[in-house]
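**Student:** model this:
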Amino acid sequence: MSPFFVMSLLFGLTFGQAASLCAPSEYTIHVEKRECAYCLAINTTICAGFCMTRDSNGKKLLLKSALSQNVCTYKEMLYRTVLIPGCPHHTIPYYSYPVAVSCKCGKCNTDYSDCVRERVRTNHCTKPQKLCNM
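**Tutor:** Residues are numbered from 1 along each chain as shown. Presented below is the predicted three-dimensional model:
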């Protein structure tokens, strides 16, 4: 192997990680239950950003596992629980949500992430809104 090839490979690997801009980002979730009087606007953090990925020209020659692309996903997260105001006694008034502590570029885990972005979904309140800052 030539020294130029080795240096190019090391530079590419280093720059590829540095060019990934995956980090916790502020996000507001709007939560409401049909039985409750209010909608709760929750300020939290989610993982968002750009991850370096490569599209192979030899798709037919590679295993499907080699074709998966990296996404910005949770490295560390914790869950918080809030009380939705204005709920009747027979309703469970609690809502738990994830908070991104740190993020990474990796395969999307459908156990705790929505790996498909739907454009028709809206994130707004239809009831009077209360703000929850955690």
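**Student:** which residues touch the helix or strand hosting Glu26?
**Tutor:** Element membership of Glu26 [criterion: DSSP states H and E] is strand 21-32. The contact list for strand 21-32 (CB atoms under 8 Å, 6 or more residues apart in numbering) reads 38-51, 72-73, 82, 84, 95, 97, 100-105, 123-127, 129. (Glycine included, C-beta is placed from N, CA and C.)
**Student:** 6 Å instead, please
**Tutor:** With contacts defined as CB atoms under 6 Å, 6 or more residues apart in numbering, strand 21-32 is touched by 39-46, 48-51, 72, 95, 97, 100, 103, 105, 123-125, 127.
**Student:** give me the distance between the residue lying closest to Phe50 once chain neighbours are set aside and His90.
**Tutor:** Take Phe50 and drop its neighbours on the chain: the residue closest to it by CB to CB, 6 or more residues apart in numbering is Leu21, 4.7 Å away. Applying CB to CB, to the nearest Å, the value for Leu21 to His90 is 46 Å.
**Student:** just name the shakiest helix or strand of this structure by mean pLDDT.
**Tutor:** Lowest on mean pLDDT, DSSP states H and E among the helices and strands of the chain sits helix 3-19, with a mean of 48.
**Student:** picking that back up, between Leu21 and His90, which one's more packed in?
**Tutor:** Leu21 (13 against 6; other CB atoms under 10 Å).
**Student:** do you know how far that one is from Cys72?
**Tutor:** From Leu21 over to Cys72 (counting by CB to CB), the distance is 8 Å.
**Student:** still on that earlier bit, give me the buried subset of the contacts of strand 21-32.
**Tutor:** 39-42, 44-46, 51, 72, 95, 97, 100, 103, 105 (16 or more other CB atoms under 10 Å).
**Student:** how about those residues, which pair is most distant?
**Tutor:** Spanning the widest gap among those are Cys39 and Cys105, at 33.5 Å by CB to CB.
**Student:** tell me the contacts of Ser39?
**Tutor:** Slight slip there: residue 39 is Cys, not Ser. Counting by CB under 6 Å, 6+ apart, Cys39 touches 30, 32, 125, 127, 129.
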